[in-house]
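> Could you look at this predicted model? Sequence included:
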Amino acid sequence: MSAPAPSLLHAHPDVVSAAPLGAPLTLACGCSAAPLLPDTSRGSRRRRVWELSRHAHCPVVGVCLPIGVVRKLVDKVLGGQAQASDYELHCGVNTECRERGPIAEAVQKELDRRYAAALRQTQRLKTTVALADWWAAQRHGRDVPGALWATLSHPRCDAILEEQVLADIHMLQHQNGAADRADLVRLESLLKENEVLARELGAAQQRCVQQAADHARRLEASQSQLVRARADLIGRDTLIAGLQDELRALEAAVPGLRSRDELTRQVAHQIERIQDLERALLRTRHELERERHRAGEALAALHAASTACPAVDPADAPSRDEPTPAPPPLGDRAVLCVGGRAASLSAYRRVIEDVGGRFLHHDGGEEDKVARLDDTLQAADLVICQTGCISHNAYWRVKDHCKRTGKRCLFVENPSQASLKRALAEWTPPLPDEA
């Protein structure tokens, strides 16, 4: 590794020296603050870095090239590793750029390569005014280093424009420093906020971990319940399959088991029906016996009455022992007589109409159809059932209808005019509001 150049490693420029008011200042990098007029004899050729004014090297090297790039360039040119600090390296490169040399040429080549786009943009600028306007538009943009190098190296950059460009760069560096300090304050605030957010994030992560663990436990419990339920289902299915196998075995061992079971149910149903029919037959026989007994008594009385006085019906003749009571006024109510003798219908009609009622009649299924009995019952206000001259079906129809509708039904065993009067006398007509 070769030793560094003496002009680079041993250059220790002094800081700004004290000078009388109005005298040119000496910068820390060793360049004078007094402007030097650029050489205008170059024509359209761009200025090289060693052709710039002495006080332009410091901002060009400091702004246009990062210190890491400068160190790489020096190491490459010197063939070794420079041991100087960043400040010493910066000042040494500024000194080397005042004259053409290996380091100055390397800096020139790096600047042209790095900011080739900005150099191409300024090629069309032919006047100092156009160059100044372009710099004014670019100095607050993103590529300030490229605009600085393209403006200072432009052949139309005079001393006034150069001084204005360096002043702008100087103020931009001050502003950037203030902005950096504000950024540091803001960075500290953000760091504190980041610590608070980190603690909150840690707490949130801990809660999330706890919730995830709780969820995992609940999920594990649910999976255990699911496994048990599946096991119970499998056991039930196994039991059902076993019972089905036993049923098939029983069916195979006892042929016709299903048909026998169905026949057993049918036999039970038929036995229940037979019992109902037997009870109904028994009731019918009892009623028939009573009707025969009543008919025999009626025939005997009729025979005795016809023997004594053929023109008068013994059943209709008034009793000598007690007088027949007079029925109450019916008030245009419809009275239905179900059953009775056909020869006595005129007497029934006369008895009912004499007390202001309307006479309705149904023979109880002898000749009239039993189905018409329901319509006649609907039109009646009072029903008189001649139990001795009515069919069994009609009797139950009348009784069921009166029970459902709440109509008064008078049962008369002896089909006679006197029995009808006595039945009507026992009935108390409802008040008009109750009707």
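Sure, I can see it. Numbers count the residues shown, from 1 in each chain.
> what about C58, distance to R98?
Going from C58 to R98 by Cβ to Cβ, to the nearest Å gives 11 Å. Every C-beta, even on glycine, is put in place using the N, C-alpha and C of the backbone.
> Over to L197?
From L197 across to R98, the span is 52 Å (Cβ to Cβ).
> Between the two, which is the more surrounded one?
Counted by other Cβ atoms under 10 Å, L197 and R98 do not tie: R98 has more neighbours, with 18 against 12.
> Return the residues in contact with that one.
50, 54, 57, 104 (Cβ atoms under 8 Å, 6 or more residues apart in numbering).
> circling back: overlap in contacts of C58 and R98?
In terms of Cβ under 8 Å, 6+ apart, C58 and R98 are not both contacted by any residue.
> Wait, a strand at L336?
Yes - checked against DSSP: H, G, I helix; E, B strand; the rest coil, L336 lies within a strand.
> Verify the stated contact: it with A380.
Yes - with contact defined as Cβ atoms under 8 Å, L336 counts as touching A380 (3.6 Å).
> which residues do the two both contact?
What both L336 and A380 touch, as defined by Cβ under 8 Å, 6+ apart, is the set L360.
> mind listing the helices for the protein?
6-9, 57-64, 67-78, 86-96, 102-114, 116-121, 128-138, 144-152, 159-253, 257-308, 345-354, 372-379, 392-405, 417-426 (DSSP state H).
> roughly how far out does the last one sit from the chain middle?
If I follow you right, that is helix 417-426. Put simply, helix 417-426 sits 79 Å off its chain's centre (Cα atoms, centre = their mean, to the nearest Å).
> Report the buried residues of it.
For helix 417-426, the neighbour count (16 or more other Cβ atoms under 10 Å) marks 417-424 as buried.
> pull the CA atoms of it into PDB?
Extracted C-alpha coordinates of helix 417-426, given in PDB (Å, rounded to 0.1, in the frame of the first residue of the first chain):
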ATOM      1  CA  GLN A 417    -153.400 -34.400  22.600                       C
ATOM      2  CA  ALA A 418    -153.700 -34.300  26.400                       C
ATOM      3  CA  SER A 419    -150.000 -35.300  26.800                       C
ATOM      4  CA  LEU A 420    -149.100 -32.500  24.400                       C
ATOM      5  CA  LYS A 421    -151.100 -30.000  26.400                       C
ATOM      6  CA  ARG A 422    -149.500 -31.100  29.600                       C
ATOM      7  CA  ALA A 423    -146.000 -30.900  28.100                       C
ATOM      8  CA  LEU A 424    -146.700 -27.400  26.900                       C
ATOM      9  CA  ALA A 425    -148.100 -26.400  30.300                       C
ATOM     10  CA  GLU A 426    -144.900 -27.500  32.000                       C
END
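> by how many degrees do it and strand 334-338 diverge?
140 degrees (axes from the mean of the first three to the mean of the last three Cα atoms, to 10 degrees).
> Which strands and helices lie in contact with helix 417-426?
For helix 417-426, the packing partners by 3 or more Cβ pairs under 8 Å, 6 or more residues apart in numbering; DSSP states H and E come out as helix 345-354, strand 382-386, strand 408-412.
> Give the partner strands of the last one in its sheet and their orientations.
Each strand pairing with strand 408-412, determined using DSSP bridges, is listed with its direction: strand 382-386 (parallel).
> angle of the partner strand against helix 392-405?
Using the same axes, to 10 degrees: strand 382-386 against helix 392-405 is 150 degrees.
> can you state the direction angle for strand 382-386 and helix 372-379?
140 degrees.
> now strand 382-386, how far from the centre of its chain.
70 Å.
> ok, of the buried residues of helix 417-426, which one's closest to A204?
A423 (97.5 Å; Cβ to Cβ).
> Would you check that that closest one makes contact with I384?
Yes - contact criterion Cβ under 8 Å: A423 and I384 qualify, at 6.1 Å.
> hey, what's in contact with both of these two?
In contact with both A423 and I384: 410, 412, using Cβ under 8 Å, 6+ apart.
> Could you chop this protein up by domain?
Taking automatic domain parsing as the criterion, the chain consists of the domains 6-181, 334-426.
> Show me the one of those that comes nearest V227.
domain 334-426 (61.9 Å).
> Quick check: end-to-end length of that closest one?
Taking Cα to Cα, to the nearest Å, domain 334-426 runs 17 Å from one end to the other.
> same thing with stretch 80-91?
19 Å.
> List the contacts of the spatially closest residue to T122 that is not a sequence neighbour.
Using Cβ to Cβ, 6 or more residues apart in numbering and skipping the chain neighbours, the partner closest in space to T122 is A150 (4.6 Å). Contacts for A150 (Cβ under 8 Å, 6+ apart) come out as 115, 118-119, 121-122.
> Out of these, flag the one nearest to L345.
Looking across these and measuring by Cβ to Cβ, the closest to L345 is Q121, at 134.9 Å.
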